[in-house]
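Trainee: Got a predicted structure plus its sequence, pasted below:
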Amino acid sequence: MKDNLSHIEEERLWERFKEGDSEALGLLSRRHYRALFNYAIKFTKDREVVKDCIQDLFLELWERRDYLTQTPFVRIYLIKALRNNLFRKIRQERKFTDAEDLDTEIPLSDHISAESSWIESELFLENEEKIKTALSKLPKRQQEIIFLKFYENLSNDQISEILDMNRQSVANLLHRALTSLKTNWFSVAKLLLLFWK
Amino acid sequence: MIDYTTYTPEALALDDSFRGWVLEGKEHHFWKNWIENNPAKTATVKQAQALVLSLYQAQDEILEEEIDEAIHQLVQIADKRSMIIPLWQQTWFKIGVAAIALFMIGWLLYYEKQKIHITPYQQVVGQFKDEVKLLEFTNTTSFPQSVTLSDGSSVVLQPETSISYPTTFLADKREVVLSGEAFFEVSKNPNKPFFVFANGLITKVIGTSFTVRAYDKDQEVKVIVKTGKVSVFAQETASQDQKSSRELTGLVLTPNQQVTYSRADNRLVRSLVEKPQLLALPEIQQQSFEFRQAPVSDVFDVLEKAYGVKIVYDEDLMGGCELTATLSDEPLLEKMELICKVLEAQYELIDAQIVVTGKGCK
């Protein structure tokens, strides 16, 4: 989770980084690594590609440290930079498993009941695998926006900056993502029920 | 204040403040109070909480050990990269080497070009410079221009033509160097043969008029004789004898003959000038300069065009004079001398202009 370093510690770490202290690089990177990994893995199943991309991102900052005036170790900045690198790399390596659905939205399935009982808390929490499966069936862009909203806990404004789309589109996409998730959830649950019977 | 009582679990989960509380414990008092004040909403809150938490947790795809390993690797590579980079791997070193290489290639190319660029003309001029003081004239205009040499010989230069000649000729010979095309009218002096060095070809004359066409870019040199006799020989094979003898040796050309010298195989070919008109020779070589009671202004016009000089005179005073004369291969200044004798006038050379003064003919 988020570690809460004081401003002075933060400042000191940044200074050490600028001076070429590789340990400071490690500490600063450590704080963002998990989030960046969890984000990037939405786009490719190849964990090594993701790790390479994150490593390249931090090494790039390391090599540019003499020219940096402000800390680049800001989550939104890092996410944006990683997103660019990742897309470039995936395009190069053609390892993108299903690139086509990144920008194309699957049309909304029609009968989404207003049932709110779909989130039966216990069942929901206990079945992490199930929700992962439901999530993984969403288009990449919806997975990405759910990540930014619920993992990064970002506001719609911040998300619109990262995804380069307007606020209203962000809100719409989020709504659509939750709705599709609900649909997927039911089909997964049904499968499980059948299996258990 | 937002009314959360109307919110569905999804809407609540999407609310920044609510997620802040669930994920980061922010605004703890507000949400604690709100839940106490809205007991009917307990289920909604629980569902929203579950949604937020499960969507948070479902994102996690990496183990703590994996992260440690990745960070360890990162720090190692960073350390390696900040170590001193070998000289030959440093960017500035590479740039430096490239720059030096480029410079040297450029210099070599330039040098080669310069070498190729030393034309036969420049070569001979270079040799002559050691012996005598040379003047050079280059016709950069688009019309013919004439030069008068110290012995009174005149040379009409076509555009893009250069001539180098001594301020005063040596005692026993007159030597000029030509690049391009020029028509020579050489004043007669049997004791001082006149030599034109042009692109590997030497033309030797005693006194006559002829054209030499020897552009640097051409592989051929042409000598076309109008009057008198000239002898030509290749510079490479010219013996001291040929050059110094007063006899015309080598290949002798008479009027309406021309010789073509091929620089590549050092060969001289003599042929007749078939149709002089068709050779597009400048007017001066075709003209006979025969005037019968011609107004002096016409005569001067013809000479101005033929020699590319400006002749300045008082038109009111002398315009009415008439002239009958047959002029041929005399140099320009000799022609002027003859004309002035008839007109009882004088001429002067001032800044490449010929200024004629006289009483007029009225």
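Mentor: Here it is on my side, so go on.

Trainee: Please name the residues that touch residue 82.
Mentor: Here I'm looking at chain A. A:Leu36, A:Tyr39, A:Ala40, A:Cys53, A:Ile54, A:Leu57 (C-beta atoms under 8 Å, 6 or more residues apart in numbering or on different chains). C-betas here are computed from N, CA, C, even on glycine.

Trainee: my bad, the chain I had in mind was chain B
Mentor: For B:Ser82, the set of contacting residues under the criterion of C-beta under 8 Å, 6+ apart consists of A:Gly20, A:Ser22, A:Trp62.

Trainee: Can you give me the distance of the first one to chain B?
Mentor: Distance, A:Gly20 to chain B, using C-beta to the nearest C-beta, to the nearest Å: 6 Å.

Trainee: That residue is in contact with A:Glu63, isn't it?
Mentor: No. Shown here, A:Gly20 and A:Glu63 do not form a contact pair, counting by C-beta atoms under 8 Å, at 10.5 Å.

Trainee: Got the domain ranges for chain A?
Mentor: Residue ranges for the structural domains of chain A, counted by automatic domain parsing, are given in the record as A:7-97, A:100-196.

Trainee: Look up which helix or strand B:Phe291 falls in, please.
Mentor: strand B:290-295 (DSSP states H and E).

Trainee: Tell me how far that strand lies from the chain's centre.
Mentor: Here strand B:290-295 is found 45 Å from its chain centre; the criterion is C-alpha atoms, centre = their mean, to the nearest Å.

Trainee: Which elements pack onto it?
Mentor: If you count contacts as 3 or more C-beta pairs under 8 Å, 6 or more residues apart in numbering or on different chains; DSSP states H and E, strand B:290-295 packs onto strand B:322-326.

Trainee: contact partners of stretch B:31-43?
Mentor: With contact meaning C-beta under 8 Å, 6+ apart, stretch B:31-43 is reached by B:Tyr4, B:Thr5, B:Phe18, B:Trp21, B:Val45.

Trainee: So which residues of the stretch 151-300 of chain B form strands?
Mentor: With DSSP state E, counting those that start in this stretch as the criterion, the stretch 151-300 of chain B has strands at B:154-157, B:161-166, B:174-185, B:194-198, B:201-205, B:209-214, B:220-227, B:230-234, B:251-253, B:257-262, B:267-272, B:290-295.

Trainee: same check, this time on the stretch 1-150 of chain B
Mentor: With DSSP E, counting those that start in this stretch, the ranges of strands along the stretch 1-150 of chain B come out as B:134-139, B:145-148.

Trainee: Tabulate those strands (CSV), appending mean pLDDT, mean neighbour count and distance to chain A.
Mentor: Compiled in CSV, those are given as follows (pLDDT from 0 to 100; neighbours: other C-beta atoms under 10 Å in any protein chain shown; distance: least, C-beta to the nearest C-beta, whole Å):
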stretch, mean pLDDT, mean neighbour count, distance to chain A
strand B:134-139, 89, 16, 56
strand B:145-148, 88, 22, 64
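
Trainee: So for B:Tyr121, which of these sits nearest?
Mentor: Among the strands of the stretch 1-150 of chain B, the nearest to B:Tyr121 by C-beta to C-beta is strand B:134-139 (10.1 Å).

Trainee: quick revisit: which one of the strands of the stretch 1-150 of chain B lies closest to B:Lys229?
Mentor: Closest approach to B:Lys229 among the strands of the stretch 1-150 of chain B (C-beta to C-beta): strand B:145-148, 22.9 Å.

Trainee: Please, where are all the helices along chain A?
Mentor: When secondary structure is read from DSSP state H, chain A shows helices at A:7-18, A:22-40, A:47-63, A:75-93, A:121-126, A:128-136, A:140-146, A:156-163, A:167-196.

Trainee: Can you give me the neighbour number for B:Glu304?
Mentor: 14 (other C-beta atoms under 10 Å in any protein chain shown).

Trainee: Quick check: pLDDT value at the closest residue in space to B:Leu332 that isn't next to it in sequence.
Mentor: Nearest residue to B:Leu332, sequence neighbours excluded (C-beta to C-beta, 6 or more residues apart in numbering or on different chains): B:Ser154, at 4.0 Å. B:Ser154 is assigned a predicted lDDT (pLDDT) of 88.

Trainee: now do B:Ile67
Mentor: So B:Ile67 comes in at 91 (pLDDT).

Trainee: same deal with the one 3 residues further on?
Mentor: B:Ala70 carries a pLDDT value of 91.

Trainee: just B:Leu178 next, same as before
Mentor: Among the per-residue scores, B:Leu178 shows a pLDDT of 91.

Trainee: Show me which residues of chain B are close to chain A?
Mentor: The interface of chain B toward chain A, taken as C-beta under 8 Å from any C-beta of the partner chain, is made up of B:8-10, B:13-14, B:16, B:19-20, B:23-24, B:44, B:46-62, B:67, B:70-75, B:77-79, B:81-82.

Trainee: Would you list the buried entries among these?
Mentor: Neighbour-count burial (16 or more other C-beta atoms under 10 Å in any protein chain shown) applied to these gives B:9-10, B:13-14, B:19-20, B:23, B:44, B:46-56, B:58-59, B:61-62, B:67, B:70-71, B:74-75, B:77-78.

Trainee: Among those residues, which ones are in helices?
Mentor: The subset of those that ends up in helices is B:9-10, B:13-14, B:19-20, B:23, B:44, B:46-56, B:67, B:70-71, B:74-75, B:77-78, with DSSP H as the criterion.

Trainee: so what's whichever residue of the stretch 151-300 of chain B sits closest to chain A up against?
Mentor: Of all residues in the stretch 151-300 of chain B, B:Lys217 sits closest to chain A, at 53.2 Å by C-beta to the nearest C-beta. When contacts are counted by C-beta under 8 Å, 6+ apart, B:Lys217 touches no other residue.
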